[in-house]
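[1] Model the structure of this input:
(one chain, ligands or ions: 1)
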Amino acid sequence: MKLFQSFLNRGDGPEIRRVRHELIKRSLEVLAVERLTPHMIRITLGGPELAGFISSSPDDHIKIFIPGLDGAPTRRDYTPRHYDPQNGTLLLDFVNHHGGPAAAWARAAKPGDRLEIGGPRGSQVVSGPIKQWLLIGDETALPAIGRRVEELPAQTSVTTLIAVPGAEDEQVFASASRHAAHWIHRPMEQADAAAGILAVLKKLEIPDRTFVWVGAEARVARVVRQYLLDERKVPAQWIKASGYWMKGQADASVKDVGDGR
Ligand SMILES: Cc1cc2nc3c(=O)[nH]c(=O)nc-3n(C[C@H](O)[C@H](O)[C@H](O)COP(=O)(O)OP(=O)(O)OC[C@H]3O[C@@H](n4cnc5c(N)ncnc54)[C@H](O)[C@@H]3O)c2cc1C
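    Numbers count the residues shown, from 1 in each chain. Alright, predicted model coming up:
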């Protein structure tokens, strides 16, 4: 069952349509584990309970249920990177950082292991008179950005601006869109610093009707959004910015850094 609700459509601006999905918990099997890049582990999941999985937007998230560092059950947010109903597979990409149980689970995962997932509970589907896309993020947003680039219709213009630790962490997306990729290299320890992203962003043209999507460490997402509003005069309804994690805090995110501002 789906429930549709439009919550943002001002005049000729973009529309973000919230789609609710029935919340389903699934127990899946790890079919494959791939070290995609030095800092990204790709897990392929499958099994009969995957049937009927729905993910309507590239920036959807599911909950994964894993043992916490103290052994008690805990949960984290991950992006459905690619769902293939024909083959019955779901890809999740895990940033290989140290200190968290989800990343530790992915590092230790092997075929035959099981993973409980829940959701997505909802999707935010962006549409409207969008001339081009600008997708900005760090390694945690790579799955959402990669999926968006791959799912955009042919000839759509999209620019990506992504911070990763090094050249070997860059990814190539198979896409029919007109895609311009900018990569920024910085150590993971500096993932809460916006300077590298801002330096490149300052040189980029942002034409009217560019929808800007930001997913990064919460402080970076806030700084980037504020820069877009103040310096580049991008209207707030053309920006969707989320803090995908918070440096120094476990299980922390800010789904909309523009909330209340
Ligand atoms: C909508 C949404 C979608 C997301 N999709 C993905 C995804 O597809 N793939 C993905 O890898 N992440 C994704 N994330 C981010 C992920 O949920 C967080 O990074 C989560 O905190 C990781 O859990 P953990 O158990 O490994 O670490 P936690 O136990 O949550 O954190 C432990 C410590 O590690 C730090 N930390 C957390 N994440 C990182 C990081 N990436 N780099 C460096 N330090 C970190 C924390 O600040 C804390 O100090 C998403 C987040 C959101 C909100």
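
[2] how much space is there between the residue of the stretch 51-200 of the chain found nearest the ligand and residue 166?
    Using CB to the nearest ligand atom, the closest approach of the stretch 51-200 of the chain to the ligand is made by residue 100 at 1.9 Å. Every C-beta, even on glycine, is put in place using the N, C-alpha and C of the backbone. Distance from residue 100 to residue 166, counting by CB to CB, to the nearest Å: 21 Å.

[3] if we can go back for a sec, so the residue of the stretch 51-200 of the chain closest to the ligand is in contact with residue 249, correct?
    No. Between residue 100 and residue 249 there is no contact under CB atoms under 8 Å: 10.5 Å.

[4] neighbour count winner among these two?
    residue 100 (19 against 9; other CB atoms under 10 Å).

[5] Name the nearest residue to that one, sequence neighbours excluded.
    residue 250 (6.4 Å; CB to CB, 6 or more residues apart in numbering).

[6] what about the one you found, neighbour count?
    Residues lying near residue 250 (other CB under 10 Å) number 14.

[7] same deal with the one 3 residues further on?
    The criterion is other CB under 10 Å. On that basis, residue 253 has 19 neighbouring residues.

[8] Show the contacting residues for it.
    Counting by CB atoms under 8 Å, 6 or more residues apart in numbering, residue 253 touches 77, 218, 242-246.

[9] hmm, 6 Å instead?
    243-244 (CB atoms under 6 Å, 6 or more residues apart in numbering).

[10] which bits of the chain sit near the ligand?
    When proximity is defined as CB under 6 Å from any ligand atom, the chain approaches the ligand at 61, 76-79, 93-95, 97, 99-103, 140, 143, 188, 191, 244-251, 253.

[11] tell me the phi and psi of the residue nearest to the spatial centre of the chain?
    With distances taken as CA atoms, centre = their mean, residue 144 lies nearest the centre of the chain, 3.2 Å away. Phi and psi for residue 144, reported as degrees, to the nearest 10, are phi -70, psi -40.

[12] try residue 194
    phi -90, psi -10.

[13] Can you report how many residues lie near it?
    Other residues close to residue 194 by other CB under 10 Å number 22.

[14] Check residue 201 too.
    22.

[15] what's the answer for residue 210, then?
    Residue 210, neighbours per other CB under 10 Å, totals 21.

[16] Quick check: it touching residue 132?
    Yes. Using CB atoms under 6 Å, residue 210 is in contact with residue 132, at 5.1 Å.

[17] From residue 80, how far off is residue 156?
    Residue 156 is 21 Å from residue 80, by CB to CB.

[18] Give me the more crowded residue out of these two.
    residue 80 (24 against 17).

[19] ranges for the strands of the stretch 51-200 of the chain?
    62-67, 73-78, 82-84, 89-95, 114-118, 122-127, 132-137, 157-164, 178-185 (DSSP state E, counting those that start in this stretch).

[20] Minimum distance to residue 206: which of those strands has it?
    Using CB to CB as the measure, strand 132-137 is the one of the strands of the stretch 51-200 of the chain that comes nearest residue 206, at 6.4 Å.
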